[in-house]
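Enquirer: What follows is a predicted protein model with its sequence.
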There are 2 protein chains.
Amino acid sequence: MTHVVRLFIDQPLAEGQPVPLSRDHANRLFNVMRMDVGDELKLFNGHVGEVAATVVEAGKRGGVLVVGAQTAALRPPPDVWLCFAPIKKDRTDFIVEKAAELGAARIVPMQTEFTNSDKIRQDRLQAHAVAAAEQCGGTSVPEVAALQKMGALLDAWPEDRQIMFCDEAAKDGALPEIRGKWAVFVGPEGGFSKPERARLGEVGHRITLGPRILRADTAAVAALTLWQSKLGDWE
Amino acid sequence: MTHVVRLFIDQPLAEGQPVPLSRDHANRLFNVMRMDVGDELKLFNGHVGEVAATVVEAGKRGGVLVVGAQTAALRPPPDVWLCFAPIKKDRTDFIVEKAAELGAARIVPMQTEFTNSDKIRQDRLQAHAVAAAEQCGGTSVPEVAALQKMGALLDAWPEDRQIMFCDEAAKDGALPEIRGKWAVFVGPEGGFSKPERARLGEVGHRITLGPRILRADTAAVAALTLWQSKLGDWE
(Lines give C-alpha, C1' and ligand atoms only; values in the text may rest on other atoms or scores of the structure.)
Protein backbone atom coordinates (compact mmCIF):
# COMPACT_ATOMS: atom_id res chain seq x y z
CA MET A 1 0.00 0.00 0.00
CA THR A 2 1.54 3.25 -1.10
CA HIS A 3 1.06 6.53 0.72
CA VAL A 4 1.59 8.60 -2.42
CA VAL A 5 -1.45 10.71 -3.19
CA ARG A 6 -3.12 9.58 -6.41
CA LEU A 7 -5.80 11.59 -8.17
CA PHE A 8 -8.07 10.73 -11.08
CA ILE A 9 -8.26 13.88 -13.22
CA ASP A 10 -10.57 13.88 -16.22
CA GLN A 11 -8.33 16.17 -18.28
CA PRO A 12 -5.45 15.84 -20.74
CA LEU A 13 -2.18 15.12 -18.90
CA ALA A 14 0.71 15.85 -21.29
CA GLU A 15 4.10 16.50 -19.72
CA GLY A 16 4.59 20.17 -18.82
CA GLN A 17 0.87 20.90 -18.96
CA PRO A 18 -0.73 23.00 -16.20
CA VAL A 19 -3.78 21.39 -14.60
CA PRO A 20 -6.30 23.69 -12.88
CA LEU A 21 -7.93 22.01 -9.88
CA SER A 22 -11.62 21.82 -9.11
CA ARG A 23 -12.80 23.16 -5.78
CA ASP A 24 -13.29 19.61 -4.51
CA HIS A 25 -9.79 18.54 -5.45
CA ALA A 26 -8.28 21.74 -4.00
CA ASN A 27 -10.13 21.14 -0.75
CA ARG A 28 -8.93 17.57 -0.59
CA LEU A 29 -5.27 18.34 -1.34
CA PHE A 30 -4.79 21.59 0.53
CA ASN A 31 -7.26 21.46 3.43
CA VAL A 32 -7.68 17.77 4.15
CA MET A 33 -4.22 16.53 3.19
CA ARG A 34 -2.36 19.76 3.98
CA MET A 35 -0.34 19.67 0.79
CA ASP A 36 1.36 22.84 -0.42
CA VAL A 37 3.28 24.37 -3.31
CA GLY A 38 6.17 22.10 -4.31
CA ASP A 39 4.53 18.89 -3.08
CA GLU A 40 4.29 15.97 -5.46
CA LEU A 41 1.53 13.56 -6.31
CA LYS A 42 0.44 11.16 -9.05
CA LEU A 43 -2.33 11.64 -11.61
CA PHE A 44 -4.15 9.41 -14.06
CA ASN A 45 -6.98 10.02 -16.51
CA GLY A 46 -7.62 6.58 -17.99
CA HIS A 47 -5.66 7.36 -21.16
CA VAL A 48 -2.00 8.11 -20.36
CA GLY A 49 -1.14 5.72 -17.54
CA GLU A 50 0.12 7.43 -14.39
CA VAL A 51 2.08 10.69 -14.37
CA ALA A 52 3.91 12.68 -11.71
CA ALA A 53 2.65 16.17 -10.89
CA THR A 54 3.77 19.08 -8.71
CA VAL A 55 1.67 21.68 -6.94
CA VAL A 56 2.47 25.17 -8.31
CA GLU A 57 -0.47 27.10 -6.86
CA ALA A 58 -2.45 26.19 -3.72
CA GLY A 59 -5.56 28.02 -2.58
CA LYS A 60 -8.69 27.33 -0.54
CA ARG A 61 -10.91 27.14 -3.57
CA GLY A 62 -8.55 26.15 -6.33
CA GLY A 63 -4.98 25.53 -7.36
CA VAL A 64 -2.77 24.43 -10.22
CA LEU A 65 -0.60 21.37 -10.78
CA VAL A 66 2.03 20.91 -13.45
CA VAL A 67 2.33 17.50 -15.08
CA GLY A 68 5.72 15.74 -14.93
CA ALA A 69 6.97 12.52 -16.43
CA GLN A 70 4.99 9.30 -16.83
CA THR A 71 5.51 7.02 -13.82
CA ALA A 72 3.50 3.99 -14.97
CA ALA A 73 2.19 2.77 -18.30
CA LEU A 74 -1.53 2.58 -19.00
CA ARG A 75 -2.73 -0.81 -17.83
CA PRO A 76 -6.39 -1.12 -18.72
CA PRO A 77 -8.21 -3.92 -16.91
CA PRO A 78 -9.42 -6.91 -18.93
CA ASP A 79 -12.74 -6.30 -20.67
CA VAL A 80 -15.04 -7.78 -18.04
CA TRP A 81 -18.26 -6.18 -16.82
CA LEU A 82 -19.86 -6.76 -13.45
CA CYS A 83 -23.65 -6.92 -13.77
CA PHE A 84 -25.23 -6.95 -10.32
CA ALA A 85 -28.52 -6.24 -8.55
CA PRO A 86 -28.20 -3.32 -6.12
CA ILE A 87 -28.97 -4.17 -2.52
CA LYS A 88 -28.78 -2.10 0.64
CA LYS A 89 -26.89 1.17 0.23
CA ASP A 90 -23.76 0.21 2.17
CA ARG A 91 -23.34 -3.08 0.42
CA THR A 92 -23.96 -1.57 -3.00
CA ASP A 93 -21.22 0.99 -2.32
CA PHE A 94 -19.05 -1.89 -1.25
CA ILE A 95 -19.69 -3.87 -4.44
CA VAL A 96 -18.73 -0.90 -6.60
CA GLU A 97 -15.55 -0.30 -4.57
CA LYS A 98 -14.56 -3.97 -4.81
CA ALA A 99 -15.33 -4.20 -8.53
CA ALA A 100 -13.00 -1.27 -9.19
CA GLU A 101 -10.26 -2.82 -7.02
CA LEU A 102 -10.63 -6.19 -8.68
CA GLY A 103 -10.33 -4.65 -12.13
CA ALA A 104 -13.80 -4.69 -13.68
CA ALA A 105 -13.97 -2.55 -16.82
CA ARG A 106 -17.62 -1.58 -16.42
CA ILE A 107 -20.14 -1.84 -13.60
CA VAL A 108 -23.77 -2.39 -14.56
CA PRO A 109 -26.46 -2.14 -11.86
CA MET A 110 -29.56 -4.02 -12.93
CA GLN A 111 -33.09 -4.57 -11.68
CA THR A 112 -34.10 -8.18 -11.30
CA GLU A 113 -37.33 -9.76 -10.15
CA PHE A 114 -36.14 -9.86 -6.53
CA THR A 115 -34.43 -6.44 -6.54
CA ASN A 116 -36.06 -3.94 -4.25
CA SER A 117 -34.33 -0.73 -5.32
CA ASP A 118 -35.78 1.08 -8.30
CA LYS A 119 -33.15 3.80 -8.35
CA ILE A 120 -29.49 4.25 -7.59
CA ARG A 121 -27.29 7.32 -7.10
CA GLN A 122 -25.22 6.79 -10.22
CA ASP A 123 -22.98 9.81 -9.50
CA ARG A 124 -22.26 8.63 -5.97
CA LEU A 125 -21.43 5.11 -7.12
CA GLN A 126 -19.16 6.56 -9.83
CA ALA A 127 -17.37 8.58 -7.13
CA HIS A 128 -16.83 5.36 -5.16
CA ALA A 129 -15.31 3.74 -8.25
CA VAL A 130 -12.97 6.73 -8.66
CA ALA A 131 -11.87 6.60 -5.01
CA ALA A 132 -11.19 2.87 -5.23
CA ALA A 133 -9.16 3.24 -8.43
CA GLU A 134 -7.14 6.04 -6.81
CA GLN A 135 -6.41 3.87 -3.82
CA CYS A 136 -5.65 0.58 -5.55
CA GLY A 137 -3.12 1.97 -8.02
CA GLY A 138 -5.34 1.56 -11.08
CA THR A 139 -4.68 3.68 -14.16
CA SER A 140 -8.32 3.87 -15.22
CA VAL A 141 -11.75 3.95 -13.62
CA PRO A 142 -14.61 1.60 -14.48
CA GLU A 143 -17.72 3.33 -15.75
CA VAL A 144 -20.83 2.86 -13.59
CA ALA A 145 -23.79 2.47 -15.97
CA ALA A 146 -27.34 3.63 -15.34
CA LEU A 147 -29.73 1.22 -13.62
CA GLN A 148 -31.54 -0.95 -16.15
CA LYS A 149 -33.85 -3.95 -16.17
CA MET A 150 -32.02 -7.24 -16.58
CA GLY A 151 -34.49 -8.32 -19.26
CA ALA A 152 -33.79 -5.24 -21.37
CA LEU A 153 -30.05 -5.63 -20.80
CA LEU A 154 -30.18 -9.19 -22.15
CA ASP A 155 -32.48 -8.24 -25.06
CA ALA A 156 -29.80 -5.84 -26.32
CA TRP A 157 -26.86 -8.05 -25.34
CA PRO A 158 -23.77 -7.73 -27.60
CA GLU A 159 -23.23 -11.04 -29.37
CA ASP A 160 -19.49 -11.10 -28.82
CA ARG A 161 -19.61 -10.82 -25.00
CA GLN A 162 -19.66 -14.04 -22.96
CA ILE A 163 -21.70 -14.28 -19.77
CA MET A 164 -20.55 -15.98 -16.57
CA PHE A 165 -23.66 -16.71 -14.53
CA CYS A 166 -23.25 -17.38 -10.81
CA ASP A 167 -26.03 -19.82 -10.00
CA GLU A 168 -26.86 -20.51 -6.35
CA ALA A 169 -28.49 -23.78 -7.33
CA ALA A 170 -25.58 -25.04 -9.44
CA LYS A 171 -23.64 -27.93 -8.00
CA ASP A 172 -20.69 -27.48 -10.31
CA GLY A 173 -19.73 -25.73 -13.51
CA ALA A 174 -16.39 -24.57 -14.83
CA LEU A 175 -15.50 -21.44 -16.71
CA PRO A 176 -14.59 -22.27 -20.33
CA GLU A 177 -11.24 -21.04 -21.61
CA ILE A 178 -12.71 -18.45 -23.95
CA ARG A 179 -10.63 -15.27 -24.11
CA GLY A 180 -12.20 -11.94 -25.02
CA LYS A 181 -15.13 -9.91 -23.76
CA TRP A 182 -17.00 -11.12 -20.72
CA ALA A 183 -19.60 -10.12 -18.16
CA VAL A 184 -20.12 -11.60 -14.70
CA PHE A 185 -23.76 -11.79 -13.51
CA VAL A 186 -24.47 -11.84 -9.78
CA GLY A 187 -27.99 -11.93 -8.34
CA PRO A 188 -29.57 -10.05 -5.44
CA GLU A 189 -30.26 -11.35 -1.93
CA GLY A 190 -32.90 -13.94 -2.71
CA GLY A 191 -31.14 -14.96 -5.91
CA PHE A 192 -32.39 -14.86 -9.45
CA SER A 193 -35.99 -15.97 -10.07
CA LYS A 194 -36.66 -19.27 -11.81
CA PRO A 195 -37.39 -17.69 -15.22
CA GLU A 196 -34.30 -15.50 -14.84
CA ARG A 197 -32.17 -18.53 -14.04
CA ALA A 198 -33.53 -20.33 -17.08
CA ARG A 199 -32.76 -17.41 -19.38
CA LEU A 200 -29.26 -16.87 -17.95
CA GLY A 201 -28.62 -20.59 -18.22
CA GLU A 202 -29.38 -20.38 -21.95
CA VAL A 203 -27.21 -17.39 -22.76
CA GLY A 204 -24.46 -17.81 -20.17
CA HIS A 205 -21.91 -20.17 -18.68
CA ARG A 206 -23.19 -21.45 -15.35
CA ILE A 207 -20.72 -21.66 -12.45
CA THR A 208 -20.97 -22.47 -8.75
CA LEU A 209 -19.83 -20.39 -5.79
CA GLY A 210 -19.91 -23.32 -3.39
CA PRO A 211 -22.41 -25.03 -1.12
CA ARG A 212 -23.05 -22.13 1.26
CA ILE A 213 -25.37 -19.23 0.44
CA LEU A 214 -23.29 -16.11 -0.16
CA ARG A 215 -24.52 -12.60 0.39
CA ALA A 216 -24.72 -10.62 -2.84
CA ASP A 217 -21.63 -8.56 -1.99
CA THR A 218 -19.55 -11.63 -1.17
CA ALA A 219 -20.74 -13.28 -4.37
CA ALA A 220 -19.63 -10.28 -6.44
CA VAL A 221 -16.09 -10.37 -5.04
CA ALA A 222 -15.85 -14.15 -5.31
CA ALA A 223 -17.14 -14.14 -8.89
CA LEU A 224 -14.73 -11.46 -10.09
CA THR A 225 -11.88 -13.27 -8.32
CA LEU A 226 -12.68 -16.53 -10.12
CA TRP A 227 -12.90 -14.77 -13.46
CA GLN A 228 -9.70 -12.75 -12.99
CA SER A 229 -7.68 -15.72 -11.81
CA LYS A 230 -8.81 -17.89 -14.71
CA LEU A 231 -9.29 -15.53 -17.64
CA GLY A 232 -8.09 -12.12 -16.48
CA ASP A 233 -4.82 -10.38 -15.72
CA TRP A 234 -3.91 -12.07 -12.45
CA GLU A 235 -1.20 -14.24 -13.93
CA MET B 1 -31.77 -17.05 0.21
CA THR B 2 -34.13 -18.70 2.59
CA HIS B 3 -36.33 -16.79 4.99
CA VAL B 4 -36.42 -19.62 7.49
CA VAL B 5 -35.05 -18.53 10.86
CA ARG B 6 -31.82 -20.36 11.66
CA LEU B 7 -30.20 -20.31 15.08
CA PHE B 8 -26.84 -21.53 16.30
CA ILE B 9 -27.47 -23.13 19.72
CA ASP B 10 -24.50 -24.39 21.70
CA GLN B 11 -26.42 -27.28 23.29
CA PRO B 12 -27.20 -30.91 22.48
CA LEU B 13 -29.94 -31.17 19.84
CA ALA B 14 -31.32 -34.72 19.93
CA GLU B 15 -34.80 -35.24 18.49
CA GLY B 16 -37.54 -34.64 21.05
CA GLN B 17 -35.23 -32.71 23.36
CA PRO B 18 -36.46 -29.46 24.94
CA VAL B 19 -34.13 -26.50 24.45
CA PRO B 20 -34.36 -23.60 26.93
CA LEU B 21 -33.62 -20.26 25.29
CA SER B 22 -31.23 -17.60 26.55
CA ARG B 23 -32.60 -14.14 27.13
CA ASP B 24 -30.89 -12.90 23.95
CA HIS B 25 -32.39 -15.65 21.81
CA ALA B 26 -35.83 -15.16 23.35
CA ASN B 27 -35.64 -11.44 22.63
CA ARG B 28 -34.63 -12.07 19.06
CA LEU B 29 -37.30 -14.68 18.33
CA PHE B 30 -40.26 -13.28 20.24
CA ASN B 31 -39.71 -9.52 20.29
CA VAL B 32 -37.72 -8.78 17.17
CA MET B 33 -39.08 -11.51 14.88
CA ARG B 34 -42.51 -11.77 16.50
CA MET B 35 -42.48 -15.55 16.56
CA ASP B 36 -44.88 -17.37 18.85
CA VAL B 37 -45.79 -20.82 20.19
CA GLY B 38 -46.15 -23.32 17.34
CA ASP B 39 -43.78 -21.47 14.99
CA GLU B 40 -40.98 -23.41 13.40
CA LEU B 41 -37.32 -22.70 12.88
CA LYS B 42 -34.02 -24.46 12.24
CA LEU B 43 -31.17 -25.08 14.68
CA PHE B 44 -27.57 -26.20 14.39
CA ASN B 45 -24.81 -26.70 16.93
CA GLY B 46 -21.83 -27.69 14.81
CA HIS B 47 -22.23 -31.40 15.59
CA VAL B 48 -25.60 -32.71 14.35
CA GLY B 49 -26.17 -30.87 11.06
CA GLU B 50 -29.40 -28.87 10.94
CA VAL B 51 -32.57 -29.83 12.81
CA ALA B 52 -36.14 -28.55 12.82
CA ALA B 53 -37.51 -27.07 16.04
CA THR B 54 -40.85 -25.77 17.28
CA VAL B 55 -41.57 -23.05 19.82
CA VAL B 56 -43.42 -24.52 22.81
CA GLU B 57 -43.03 -21.65 25.26
CA ALA B 58 -42.52 -17.98 24.38
CA GLY B 59 -41.83 -15.25 26.92
CA LYS B 60 -40.14 -11.87 27.07
CA ARG B 61 -37.10 -13.19 28.88
CA GLY B 62 -37.03 -16.82 27.88
CA GLY B 63 -38.74 -19.65 26.12
CA VAL B 64 -38.44 -23.27 25.13
CA LEU B 65 -38.07 -25.03 21.80
CA VAL B 66 -38.50 -28.71 21.08
CA VAL B 67 -36.15 -30.35 18.63
CA GLY B 68 -37.66 -32.13 15.61
CA ALA B 69 -36.12 -34.17 12.81
CA GLN B 70 -32.79 -33.52 11.14
CA THR B 71 -33.26 -31.33 8.04
CA ALA B 72 -29.68 -31.30 6.76
CA ALA B 73 -26.60 -33.40 7.38
CA LEU B 74 -23.54 -31.97 9.08
CA ARG B 75 -21.38 -30.45 6.39
CA PRO B 76 -18.20 -29.23 8.04
CA PRO B 77 -16.20 -26.79 5.93
CA PRO B 78 -12.81 -27.90 4.62
CA ASP B 79 -10.01 -27.53 7.16
CA VAL B 80 -8.75 -24.12 6.10
CA TRP B 81 -7.86 -21.27 8.47
CA LEU B 82 -7.91 -17.60 7.62
CA CYS B 83 -4.98 -15.81 9.28
CA PHE B 84 -5.37 -12.07 8.86
CA ALA B 85 -4.22 -8.78 10.36
CA PRO B 86 -7.11 -6.82 11.89
CA ILE B 87 -7.72 -3.40 10.40
CA LYS B 88 -10.37 -0.80 11.03
CA LYS B 89 -13.32 -2.09 13.05
CA ASP B 90 -15.88 -2.19 10.24
CA ARG B 91 -13.58 -3.97 7.87
CA THR B 92 -12.46 -6.46 10.50
CA ASP B 93 -16.11 -7.32 11.20
CA PHE B 94 -16.55 -7.69 7.48
CA ILE B 95 -13.60 -10.06 7.12
CA VAL B 96 -14.95 -12.33 9.87
CA GLU B 97 -18.42 -12.34 8.33
CA LYS B 98 -17.03 -13.18 4.89
CA ALA B 99 -14.70 -15.88 6.20
CA ALA B 100 -17.68 -17.62 7.84
CA GLU B 101 -19.74 -17.34 4.63
CA LEU B 102 -16.90 -18.63 2.50
CA GLY B 103 -16.42 -21.63 4.74
CA ALA B 104 -13.25 -21.04 6.74
CA ALA B 105 -12.90 -23.52 9.60
CA ARG B 106 -11.00 -21.16 11.93
CA ILE B 107 -10.31 -17.43 11.91
CA VAL B 108 -7.02 -16.27 13.38
CA PRO B 109 -6.44 -12.54 13.92
CA MET B 110 -2.73 -11.80 14.06
CA GLN B 111 -0.49 -8.85 14.77
CA THR B 112 2.03 -8.09 12.07
CA GLU B 113 4.67 -5.40 11.80
CA PHE B 114 2.27 -3.03 10.05
CA THR B 115 -0.79 -3.88 12.16
CA ASN B 116 -2.06 -0.99 14.25
CA SER B 117 -4.53 -2.74 16.51
CA ASP B 118 -3.16 -4.39 19.63
CA LYS B 119 -6.48 -5.79 20.74
CA ILE B 120 -9.67 -7.14 19.25
CA ARG B 121 -13.10 -7.84 20.69
CA GLN B 122 -12.93 -11.59 20.34
CA ASP B 123 -16.47 -12.11 21.65
CA ARG B 124 -17.92 -9.59 19.22
CA LEU B 125 -16.07 -11.11 16.28
CA GLN B 126 -17.26 -14.56 17.33
CA ALA B 127 -20.84 -13.22 17.36
CA HIS B 128 -20.33 -11.97 13.81
CA ALA B 129 -19.16 -15.42 12.75
CA VAL B 130 -22.26 -16.97 14.34
CA ALA B 131 -24.59 -14.51 12.59
CA ALA B 132 -22.94 -15.16 9.23
CA ALA B 133 -23.18 -18.94 9.66
CA GLU B 134 -26.86 -18.61 10.61
CA GLN B 135 -27.52 -16.56 7.50
CA CYS B 136 -25.51 -18.52 4.96
CA GLY B 137 -26.96 -21.92 5.79
CA GLY B 138 -23.80 -23.30 7.38
CA THR B 139 -24.04 -26.16 9.85
CA SER B 140 -21.09 -25.07 11.96
CA VAL B 141 -19.41 -21.85 13.05
CA PRO B 142 -15.72 -21.08 12.64
CA GLU B 143 -13.89 -20.40 15.86
CA VAL B 144 -12.39 -16.91 16.16
CA ALA B 145 -9.02 -17.31 17.89
CA ALA B 146 -7.41 -14.81 20.26
CA LEU B 147 -5.15 -12.14 18.75
CA GLN B 148 -1.57 -13.33 18.54
CA LYS B 149 1.71 -12.18 17.08
CA MET B 150 2.40 -13.62 13.63
CA GLY B 151 5.93 -14.55 14.66
CA ALA B 152 4.68 -16.61 17.60
CA LEU B 153 1.99 -18.16 15.44
CA LEU B 154 4.61 -19.34 12.95
CA ASP B 155 7.02 -20.50 15.69
CA ALA B 156 4.37 -22.95 16.89
CA TRP B 157 3.05 -23.80 13.44
CA PRO B 158 1.69 -27.36 13.05
CA GLU B 159 3.88 -29.22 10.59
CA ASP B 160 1.01 -30.81 8.71
CA ARG B 161 -0.74 -27.54 7.79
CA GLN B 162 0.14 -25.90 4.47
CA ILE B 163 0.31 -22.11 4.15
CA MET B 164 -1.00 -20.12 1.20
CA PHE B 165 0.71 -16.74 1.33
CA CYS B 166 -0.88 -13.86 -0.60
CA ASP B 167 2.06 -11.73 -1.65
CA GLU B 168 1.38 -8.26 -3.03
CA ALA B 169 4.76 -8.27 -4.71
CA ALA B 170 4.34 -11.65 -6.41
CA LYS B 171 3.88 -11.58 -10.17
CA ASP B 172 2.58 -15.12 -10.34
CA GLY B 173 2.35 -18.29 -8.30
CA ALA B 174 -0.06 -21.17 -8.40
CA LEU B 175 -1.57 -23.15 -5.58
CA PRO B 176 -0.15 -26.69 -5.53
CA GLU B 177 -2.64 -29.57 -5.58
CA ILE B 178 -1.96 -30.63 -2.01
CA ARG B 179 -5.11 -31.81 -0.21
CA GLY B 180 -5.40 -31.63 3.56
CA LYS B 181 -4.98 -28.92 6.16
CA TRP B 182 -4.33 -25.38 5.01
CA ALA B 183 -4.18 -21.79 6.19
CA VAL B 184 -4.53 -18.65 4.09
CA PHE B 185 -2.36 -15.68 5.17
CA VAL B 186 -3.48 -12.18 4.25
CA GLY B 187 -1.57 -9.04 5.27
CA PRO B 188 -2.77 -5.70 6.65
CA GLU B 189 -3.14 -2.43 4.75
CA GLY B 190 0.50 -1.71 3.99
CA GLY B 191 1.23 -5.37 3.36
CA PHE B 192 3.65 -7.66 5.14
CA SER B 193 7.08 -6.25 6.01
CA LYS B 194 10.13 -7.43 4.11
CA PRO B 195 11.30 -9.86 6.85
CA GLU B 196 7.74 -11.16 7.19
CA ARG B 197 7.52 -11.73 3.44
CA ALA B 198 10.82 -13.58 3.50
CA ARG B 199 9.70 -15.84 6.33
CA LEU B 200 6.29 -16.55 4.77
CA GLY B 201 7.99 -17.23 1.46
CA GLU B 202 10.07 -19.92 3.15
CA VAL B 203 7.24 -21.70 4.95
CA GLY B 204 4.37 -21.03 2.55
CA HIS B 205 3.19 -21.28 -1.04
CA ARG B 206 3.31 -17.82 -2.59
CA ILE B 207 0.40 -16.73 -4.79
CA THR B 208 -0.64 -13.51 -6.52
CA LEU B 209 -3.90 -11.60 -6.22
CA GLY B 210 -3.32 -9.63 -9.40
CA PRO B 211 -1.60 -6.41 -10.45
CA ARG B 212 -3.79 -3.98 -8.48
CA ILE B 213 -3.37 -3.31 -4.78
CA LEU B 214 -6.28 -4.87 -2.90
CA ARG B 215 -7.57 -3.64 0.42
CA ALA B 216 -7.07 -6.18 3.20
CA ASP B 217 -10.75 -7.10 3.28
CA THR B 218 -10.93 -7.62 -0.47
CA ALA B 219 -7.76 -9.70 -0.32
CA ALA B 220 -9.26 -11.96 2.36
CA VAL B 221 -12.35 -12.71 0.28
CA ALA B 222 -10.34 -13.18 -2.92
CA ALA B 223 -7.84 -15.48 -1.21
CA LEU B 224 -10.49 -17.73 0.35
CA THR B 225 -12.30 -17.85 -2.99
CA LEU B 226 -9.17 -19.01 -4.79
CA TRP B 227 -8.49 -21.64 -2.17
CA GLN B 228 -12.08 -22.94 -2.05
CA SER B 229 -12.42 -23.14 -5.81
CA LYS B 230 -9.12 -25.00 -6.21
CA LEU B 231 -8.79 -27.15 -3.08
CA GLY B 232 -12.03 -26.72 -1.12
CA ASP B 233 -15.63 -27.81 -1.35
CA TRP B 234 -16.82 -25.62 -4.22
CA GLU B 235 -16.89 -28.37 -6.79
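Expert: Sure thing, it's come through. Numbering: from 1, shown residues only, chains lettered A, B, ... in the order given.
Enquirer: Domain map for chain A?
Expert: A:6-72, A:80-231 (automatic domain parsing).
Enquirer: Quickly compare those domains and say which is most buried.
Expert: Highest mean neighbour count among the domains of chain A (mean count of other CB atoms under 10 Å in any protein chain shown): domain A:80-231, with a mean of 19. Any C-beta I mention is one placed from the backbone N, CA and C, and that applies to glycine too.
Enquirer: That one and chain B, are they touching?
Expert: Yes - with CB under 8 Å from any CB of the partner chain as the measure, domain A:80-231 is seen reaching chain B through A:98, A:101-103, A:135-138, A:172, A:174, A:189-191, A:208-215, A:218, A:221-222, A:225-226, A:228-229.
Enquirer: can you give me the offset of that domain from its chain's centre?
Expert: 10 Å (CA atoms, centre = their mean, to the nearest Å).
Enquirer: how far does that domain stretch from start to finish?
Expert: From its first residue to its last, domain A:80-231 covers 10 Å (CA to CA, to the nearest Å).
Enquirer: Phi, psi for the residue nearest in space to the middle of chain A please.
Expert: Per CA atoms, centre = their mean, the C-alpha nearest to the average position across chain A is that of residue A:100, at 2.9 Å. Note on residue A:100: backbone dihedrals following degrees, to the nearest 10 are phi -70, psi -40.
Enquirer: Could you say which helix or strand holds the residue nearest to it when sequence neighbours are not counted?
Expert: Nearest residue to residue A:100, sequence neighbours excluded (CB to CB, 6 or more residues apart in numbering or on different chains): residue A:132, at 3.7 Å. Using DSSP states H and E, residue A:132 maps to helix A:122-136.
Enquirer: likewise residue A:7?
Expert: With DSSP H and E as the criterion, residue A:7 is inside strand A:6-8.
Enquirer: and what of residue A:82?
Expert: Going by DSSP H and E, residue A:82 is part of strand A:80-84.
Enquirer: Output the contacting helices and strands for that strand.
Expert: Here strand A:80-84 touches helix A:89-101, strand A:106-111, strand A:181-186, helix A:216-231, going by 3 or more CB pairs under 8 Å, 6 or more residues apart in numbering or on different chains; DSSP states H and E.
Enquirer: Which residues outside it are in contact with it?
Expert: A:95, A:99, A:103-110, A:150, A:153, A:161, A:181-186, A:216, A:220, A:223-224, A:227-228, A:231-232 (CB atoms under 8 Å, 6 or more residues apart in numbering or on different chains).
Enquirer: Paired strands for that strand, with orientation please.
Expert: The strands beside strand A:80-84 in its sheet (DSSP bridges) come out as strand A:106-111 (parallel), strand A:181-186 (parallel).
Enquirer: Same list (those strands) but as a markdown table, adding mean pLDDT.
Expert: Shown next, in a markdown table, are these (pLDDT from 0 to 100):
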| stretch | mean pLDDT |
| --- | --- |
| strand A:106-111 | 96 |
| strand A:181-186 | 97 |
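Enquirer: Nearest to residue A:13, out of these?
Expert: strand A:106-111 (22.3 Å; CB to CB).
Enquirer: residues in contact with that closest one?
Expert: A:81-86, A:92, A:96, A:99-100, A:117-118, A:120, A:125, A:129, A:142-150, A:153, A:183.
Enquirer: Now do residue A:205 against residue A:173, distance only.
Expert: 7 Å (CB to CB, to the nearest Å).
Enquirer: now swap in residue A:134 and tell me
Expert: Taking CB to CB, one finds residue A:134 at 35 Å from residue A:173.
Enquirer: Residue A:50 pairs with what?
Expert: According to DSSP bridges, beta-bridge pairing links residue A:50 with residue A:44, residue A:72.
Enquirer: Please name the residues that touch it.
Expert: Contacts of residue A:50 by CB under 8 Å, 6+ apart are A:6, A:42, A:43, A:44, A:70, A:71, A:72, A:139.
Enquirer: Relative to chain B, which of the residues you listed is nearest.
Expert: Set against chain B, the nearest of the contacts of residue A:50 by CB to the nearest CB is residue A:139 (9.6 Å).
Enquirer: Just say helix, strand or coil for the closest one.
Expert: Three-state call for residue A:139 (DSSP: H, G, I helix; E, B strand; the rest coil): coil.
Enquirer: hang on, isn't it packed against residue A:77?
Expert: No - taking contacts as CB atoms under 8 Å, residue A:139 lies outside contact range of residue A:77: 9.2 Å.
Enquirer: That'll do, ta.
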